[in-house]
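Visitor: Got a predicted structure plus its sequence, pasted below:
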Amino acid sequence: MRVIVVGAGVVGTMHAWHAVNRGHEVVQIERESEARGASLRNFGQIWVSGRAGGEELDTALRARELWEDIGRQVPELGFRACGSLTPVRGALELAVAEAAVARPDADARGYKLLTADEARAVNPALRGDFDAALWCERDAAVEPRTAQLALKQALLSSGRYTYLGGREVREVIGDNAVRDDHGEVHTGDAVILATGAWLGGLVRELAGPDLPVRRVRLQMMQTDPLGESLTTSVADADSFRYYPAYAGEALDTLNTGQAQAPTAAEHRMQLLMVQRRDGGLTIGDTHEYEHPFAFDTVEEPYEHLTRVVESFLGRPLPRVRHRWAGVYAQCTDTSRVVHRQQVRDGIWLVTGPGGRGMTCSPAIAETTANELNW
């Protein structure tokens, strides 16, 4: 079988990975020379902890297994089973963490409630003040800025993979071919359109104007090396308000009894933080849903995140060396893991995993491969 994959972000690349590893030939087409969208502008987190139960959690747990296996095959991914800690302060935040540990699926997620001293034993860099921490053993991380390149090199070594960068697909021809802006036609037994947040043009023509996917903008930053190991990913209690796993009476009480900081509320913020292999910290994030998106980044969210991080670390944050914004695609029904639509007999659109793209992409692509009997 010959598979054409349009889009070289993590969702497209994982479709290429499964196809090649099942013995098929793949041509992957990317409009940039290399991917540079949401698949690079993220934390690199394999984030199981906050996922909703049912399909979303099952997908995240399966993806976690796949990431670990791929990481063994491609060490350059920088896969590490680092887990995560969410420090909490006060009775209301603690109650949400306690409710999480009491969930029927807590063991599957690797939840455990730690005292402050136990949390510092797991992550000694957390020298600030907090009362306890929610530990999630199943969370992990990869290096987002280099993961796609590492996967591409592994795919190229198979001899069954061709990468065509700097080409934008302009037209679908029949049920099994696309034409790029170089005038070249690429024919396969299946075509996967993994176009991420590129939802206009050809995608709109094929899927129609009522595609149930929206675009979301976020802001993030990265620091100089911390100078010590941050042994886990770190979140703050505002992440409880954002992720569906924490919904319930305890969260309702937190929301009514403890307002977010004004900046965090205005920008729909949470703290997520991961250390990169060079020692720097990737920190975010905000959420913006209303179009048109701003073209500039604003400083107040960065100032807020700096204060939160410093309160956990108990020390000044290293110099911020990068700030950026990114846009990803999210299903308008946020309970859906992905939008997978057959737009022609042999052509499928796969998009909209939202903030789950890096976490769930291996399992999303595996499901596509299984459904198409690759």
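Guide: Happy to help now that I have it.
Visitor: after the lengthiest helix in the chain comes which helix or strand?
Guide: Looking across the chain with DSSP state H, the single longest helix is helix 55-73. Per DSSP states H and E, the first helix or strand lying C-terminal to helix 55-73 is strand 84-88.
Visitor: What strands line up against that following strand, and which way round?
Guide: strand 132-136 (antiparallel), strand 233-235 (parallel) (DSSP bridges).
Visitor: Just say which of these is most tucked in.
Guide: Stretch with highest mean neighbour count among the strands paired with strand 84-88: strand 233-235 (a mean of 27; mean count of other Cβ atoms under 10 Å). From N, CA and C alone the C-beta is placed, and that goes for glycine too.
Visitor: I'd like the average pLDDT over that one.
Guide: The predicted model gives strand 233-235 an average pLDDT of 98.
Visitor: And for stretch 354-373?
Guide: Across stretch 354-373, pLDDT averages out at 96.
Visitor: Would you mark the buried spots in that stretch?
Guide: Buried positions in stretch 354-373, judged by neighbour count with 16 or more other Cβ atoms under 10 Å: 354-369, 372.
Visitor: returning to what we had before: tell me which of the strands paired with strand 84-88 sits nearest to V3.
Guide: strand 233-235 (33.4 Å; Cβ to Cβ).
Visitor: So which bits of the helix or strand just after that closest one are buried?
Guide: Beyond strand 233-235 in the direction of the C-terminus, DSSP H and E gives the next helix or strand as helix 238-242. Under the neighbour-count criterion of 16+ other Cβ under 10 Å, helix 238-242 has D238, S239, F240, R241, Y242 buried.
Visitor: do stretch 46-66 as well
Guide: The neighbour-count check on stretch 46-66 (16+ other Cβ under 10 Å) flags 46-52, 56-57, 59-64, 66 as buried.
Visitor: for stretch 309-326, same thing?
Guide: V309, F312, L313, L317, P318, V320, A325, G326.
Visitor: Just the closest of the residues you listed to P209, please.
Guide: G326 (24.7 Å).
Visitor: ok, that closest one touching M221?
Guide: No. G326 is beyond contact range of M221, at 11.8 Å (criterion: Cβ atoms under 8 Å).
Visitor: Pull out the buried positions in stretch 205-222.
Guide: Neighbour counts using 16+ other Cβ under 10 Å place A207, L211, V213, R214, R215, V216, R217, L218, Q219, M220, M221, Q222 of stretch 205-222 among the buried residues.
Visitor: so where do the helices sit in the stretch 1-150 of the chain?
Guide: For the stretch 1-150 of the chain, the helices defined by DSSP state H, counting those that start in this stretch cover 10-21, 55-73, 90-101, 106-109, 116-122, 144-156.
Visitor: Show me where the stretch 251-374 of the chain has its strands.
Guide: Taking DSSP state E, counting those that start in this stretch, the strands of the stretch 251-374 of the chain run over residues 272-275, 281-284, 320-331, 339-344, 347-351.
Visitor: got TSV for those strands, with mean pLDDT too?
Guide: What follows is these, written out as TSV (pLDDT from 0 to 100):
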stretch	mean pLDDT
strand 272-275	98
strand 281-284	97
strand 320-331	96
strand 339-344	96
strand 347-351	97
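Visitor: what about those strands, which gets the closest to S39?
Guide: Comparing these by Cβ to Cβ, strand 320-331 comes nearest, at 8.8 Å.
Visitor: quick one: the closest one to strand 347-351, angle?
Guide: Inter-element angle recorded for strand 320-331 and strand 347-351: 130 degrees (by axes from the mean of the first three to the mean of the last three Cα atoms, to 10 degrees).
Visitor: Please name the nearest non-neighbouring residue to E228.
Guide: Leaving out its chain neighbours, the residue that sits closest to E228 by Cβ to Cβ, 6 or more residues apart in numbering is A125, at 5.5 Å.
Visitor: no, scratch that, I was asking about A194
Guide: Using Cβ to Cβ, 6+ apart, the nearest residue to A194 is G12, at 3.3 Å.
Visitor: Touching, that neighbour and V26? I think so.
Guide: No. Using Cβ under 8 Å, G12 makes no contact with V26, being 10.1 Å away.
Visitor: If you count surrounding residues, which of those two has more?
Guide: The neighbour comparison of G12 against V26 (other Cβ atoms under 10 Å) goes to G12, with 27 against 24.
Visitor: Quick check: the gap between that one and R41.
Guide: Look at G12 and R41: by Cβ to Cβ, to the nearest Å, they are 16 Å apart.
Visitor: A19 too?
Guide: Distance of A19 to R41, given as Cβ to Cβ: 26 Å.
Visitor: More neighbours: those two, which one.
Guide: For the pair A19 and R41, the greater number of neighbours falls to A19 (29 against 20), based on other Cβ under 10 Å.
Visitor: can you count the residues close to the spatially closest residue to that one that is not a sequence neighbour?
Guide: Leaving aside its chain neighbours, A19 sits nearest to V3 (4.4 Å; criterion: Cβ to Cβ, 6+ apart). By other Cβ under 10 Å, 25 other residues sit near V3.
Visitor: Would you agree V3 is in contact with A365?
Guide: No. Using Cβ under 8 Å, V3 is not in contact with A365; the gap is 10.9 Å.
Visitor: Which neighbours do these two have in common?
Guide: Residues within reach of V3 and of A365 at once, by Cβ atoms under 8 Å, 6 or more residues apart in numbering, are H15.
Visitor: so who does R2 touch?
Guide: By Cβ under 8 Å, 6+ apart, the contact list for R2 reads H24, E25, V26, V27, T187, G188, D189.
Visitor: State the pLDDT value of G188.
Guide: Here the pLDDT value assigned to G188 is 97.
Visitor: number of nearby residues for it?
Guide: G188 - counted by other Cβ under 10 Å - has 21 other residues nearby.
Visitor: So it is in contact with N176, correct?
Guide: Yes. If you go by Cβ under 8 Å, G188 and N176 touch, sitting 5.9 Å apart.
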